[in-house]
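Peer 1: A predicted structure for the sequence below; I have some questions about it.
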Amino acid sequence: MDREAYHNCCSLAKIPRQSYEQFCSSHFVDYIDKELSYSKFFRKYLLPNHPCMFSRRFTEDWKCRKEWVTEEGKPNFQTLLQEFDETPVPVANCNTKEYNANPKQVMPFKDFIHYWKEYIQNGHSSPKGCLYLKDWHMSREFPEHDVYTTPVFFSSDWLNEYWDALEVDDYRFVYMGPKGSWTPFHADVFRSYSWSANICGRKKWLLYPPGQEEFLRDTHGNLAYDVTSSELKDRGLFPHSEEACQPLEIIQEAGEIIFVPSGWHHQVYNLEDTISINHNWLNGCNIDNMWQFLQNELSSVQKEINEWRKTMDSWHQHCQVIMKACSGIDYGEFASFLKIIADNRIAFLNACSSGDSSDYPRHLSETLTTLGPYHAAFDLQRVAHVLECLLCNEDFKRLDHSTLSFQPESMLQQIRDIIHSTRGQHLPYQE
């Protein structure tokens with residue numbers, strides 16, 4: 001991040017979102033085919049939360065683009081089988097609906113490839129349904145493969161930085177699906193960003209700007225499962241569907257990378273036999289969206305079990321437990337998430353002064369060094385802002401803070417101190 005980008009956003013408490021109106025009347029997004037600085041991407045797409053597409057030149061050096069794809073541009077089943085063979089993989093059935101999603105099973109990779117070959121030979125049909133390998137943590141399971149490199153534009157990734165620190169999970173996925181496989185209407189986990197690169201094949205994306213999804217709920221408040229379904233024309237079932245804008249329809253070709261902004265609901269189709277790599281990620285530009293999402297999730301839980309509020313001494317704690325079961329995180333872990341992000345930036349900024357980078361992992365050192373001290377300072381300011389919101393939140397105040405591994409008030413003061421101590425050194429802070 002350069003000085004101009006930093007100064008343009010360093011004083012922001014809440015990240016302002018520019019209007020999405022242009023996307024409701026157009027079917028075009030910016031197509032990036034030339035060199036683009038990180039700072040320009042930050043200003044033009046991350047901060048305003050706008051989608052864009054990167055050309056295949058940004059993936060042409062990836063190992064998987066060469067080894068996982070035949071000369072005809074099709075999935076290289078032989079190479080893939082040699083690499084993954086008996087590996088258990090998650091596979092969804094696109095023909096079956098279960099709670100507004102597709103049920104999954106785990107099968108050996110070789111069995112999925114056998115199914116896929118038969119599916120193609122049978123004219124892209126099968127009595128087993130349309131199976132889709134998705135949400136496979138290939139990178140975590142095979143770190144030595146090193147088949148792609150995360151573009152610098154998406155490298156400020158707090159979500160995977162946190163899970164990498166815990167060494168239990170990540171949000172880096174491989175998807176492999178035949179022509180006709182698809183993903184129902186949804187927004188990404190924690191209202192994160194996502195980037196998706198087609199290794200081979202083509203996809204069709206239907207994207208709706210934030211807020212439009214409210215018109216696509218049924219009378220019970222449930223999101224539409226398939227926004228192309230004729231059900232949406234039933235005003236008795238979807239009373240506000242006609243108020244929604246037309247989706248932004250994007251065709252993604254082989255090698256291209258799409259940037260899906262925070263909170264944009266979408267539905268995706270594989271138009272050909274397709275392999276893609278997808279990351280979900282968060283950073284200082286959309287952490288406020290995650291915090292708002294968590295507040296909304298807790299509010300929904302509280303409404304569901306409100307009748308037991310007066311008869312259950314630990315009602316608030318039970319709400320947190322249910323929230324974590326439903327969304328994957330509670331307020332306590334969210335605070336711990338913020339602490340790890342802050343600790344790493346504080347260590348980095350201290351290293352900028354001392355020259356000692358031994359306090360954080362090497363891969364993280366490379367990322368933070370590439371993004372620079374301005375970005376680390378911006379990150380700390382964003383963490384401080386959300387910590388302040390957290391400490392003012394009545395539901396967070398009710399938690400037993402002795403169960404936390406740190407004191408949020410102390411963390412907030414430490415961030416303020418490091419920001420103050422760097423003023424006048426390597427960062428030109430302004431009063």
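Peer 2: That came through fine.

Peer 1: buried residues in the helix ranked longest in the chain?
Peer 2: Secondary structure assigned by DSSP state H gives helix 331-354 as the longest helix of the chain. By neighbour count on 16 or more other C-beta atoms under 10 Å, the buried set for helix 331-354 is 331-352. For glycine as for every other residue, the C-beta is placed from the backbone atoms N, C-alpha and C.

Peer 1: Send me it as PDB with only the CA atoms.
Peer 2: Provided in PDB are the C-alpha atoms of helix 331-354 (Å, rounded to 0.1, in the frame of the first residue of the first chain):
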ATOM      1  CA  TYR A 331     -18.000 -13.300  20.000                       C
ATOM      2  CA  GLY A 332     -15.200 -14.700  22.100                       C
ATOM      3  CA  GLU A 333     -13.400 -16.300  19.200                       C
ATOM      4  CA  PHE A 334     -14.000 -13.200  17.100                       C
ATOM      5  CA  ALA A 335     -12.100 -11.200  19.700                       C
ATOM      6  CA  SER A 336      -9.300 -13.800  19.600                       C
ATOM      7  CA  PHE A 337      -9.300 -13.500  15.800                       C
ATOM      8  CA  LEU A 338      -8.700  -9.800  16.100                       C
ATOM      9  CA  LYS A 339      -5.900 -10.300  18.600                       C
ATOM     10  CA  ILE A 340      -3.900 -12.600  16.300                       C
ATOM     11  CA  ILE A 341      -4.200 -10.100  13.400                       C
ATOM     12  CA  ALA A 342      -3.100  -7.200  15.700                       C
ATOM     13  CA  ASP A 343      -0.200  -9.200  17.200                       C
ATOM     14  CA  ASN A 344       1.200 -10.000  13.800                       C
ATOM     15  CA  ARG A 345       1.000  -6.300  12.700                       C
ATOM     16  CA  ILE A 346       2.500  -5.000  15.900                       C
ATOM     17  CA  ALA A 347       5.400  -7.500  15.600                       C
ATOM     18  CA  PHE A 348       5.900  -6.500  11.900                       C
ATOM     19  CA  LEU A 349       6.000  -2.700  12.700                       C
ATOM     20  CA  ASN A 350       8.400  -3.400  15.600                       C
ATOM     21  CA  ALA A 351      10.500  -5.300  13.200                       C
ATOM     22  CA  CYS A 352      10.500  -2.400  10.700                       C
ATOM     23  CA  SER A 353      12.100  -0.400  13.500                       C
ATOM     24  CA  SER A 354      14.500  -3.000  14.900                       C
END
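
Peer 1: Can you get me a residue count around residue 149?
Peer 2: Residue 149 has 12 neighbours, counted by other C-beta atoms under 10 Å.

Peer 1: and the residue nearest the centre of the chain, bridged to which residues?
Peer 2: Per C-alpha atoms, centre = their mean, the C-alpha nearest to the average position across the chain is that of residue 280, at 2.4 Å. Beta-bridge partners recorded for residue 280 (DSSP bridges): residue 194.

Peer 1: Just the pLDDT for it.
Peer 2: pLDDT recorded at residue 280 is 98.

Peer 1: cool, and the one 10 residues further on?
Peer 2: Per-residue confidence at residue 290 stands at 97 (pLDDT).

Peer 1: what about the closest residue to it other than its chain neighbours, is that helix, strand or coil?
Peer 2: Distances taken as C-beta to C-beta, 6 or more residues apart in numbering put residue 190 closest to residue 290, at 4.7 Å, once the chain neighbours are dropped. In three-state terms, and counting by DSSP: H, G, I helix; E, B strand; the rest coil, residue 190 is helix.

Peer 1: Contact partners for residue 190?
Peer 2: 159, 280, 282, 290, 293-294, 327-329 (C-beta atoms under 8 Å, 6 or more residues apart in numbering).
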